[in-house]
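A.B. asks: next come a sequence and a model predicted from it.
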Amino acid sequence: MGTFGKRLKEARKIRGFSQERLGIEAGIEPATASARMSQYEKGVHQPGESIVKQIAAVLNLPVPYFYCEDDETAHLLQCFHLLKGKERKDVVDLVERLALGG
């Protein structure tokens with residue numbers, strides 16, 4: 001299982017979706033939804049960009065989350081995705097100050 005499959009499976013389970021339900025809500029044909037999601041999780045097939053965007057929207061996650069190899073970065077992306085407007089700017093400002101030591 002690759003990074004995408006690992007992140008997909010974790011996010012799906014945390015949100016309580018079956019493979020079939022997630023696939024259907026992401027716009028995959030109901031007859032093949034479960035099988036396709038299983039193949040994506042196992043790394044047998046890689047979904048196209050439009051399906052990844054649809055899966056991300058259903059799970060309320062940013063697309064880059066699925067490709068983060070380290071858990072901390074994935075978690076930061078997940079949290080940042082939930083913020084709006086000024087909160088996002090505040091986080092960016094804080095990270096810049098921390099990263100630049102000032």
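C.D. replies: Arrived safely.

A.B. asks: need the helices for the chain, in chain order.
C.D. replies: Using DSSP state H, the helices of the chain run over 3-14, 19-25, 30-42, 49-59, 71-82, 85-100.

A.B. asks: so which residues make contact with the fourth one?
C.D. replies: The contact list for helix 49-59 (C-beta atoms under 8 Å, 6 or more residues apart in numbering) reads 8, 11-12, 15, 17, 22, 25-28, 47, 62-63, 65-66. The way it works is simple: take the backbone N, C-alpha and C, and place the C-beta from them, glycine included.

A.B. asks: mean confidence for it?
C.D. replies: Taken as a whole, helix 49-59 carries a mean pLDDT of 97.

A.B. asks: now do that helix and helix 30-42, the angle between them.
C.D. replies: On the basis of axes from the mean of the first three to the mean of the last three C-alpha atoms, to 10 degrees, helix 49-59 is oriented at 90 degrees to helix 30-42.

A.B. asks: just the buried positions in helix 49-59, please.
C.D. replies: Judged by neighbour count (16 or more other C-beta atoms under 10 Å), helix 49-59 contains these buried residues: 51-52, 54-56, 58-59.
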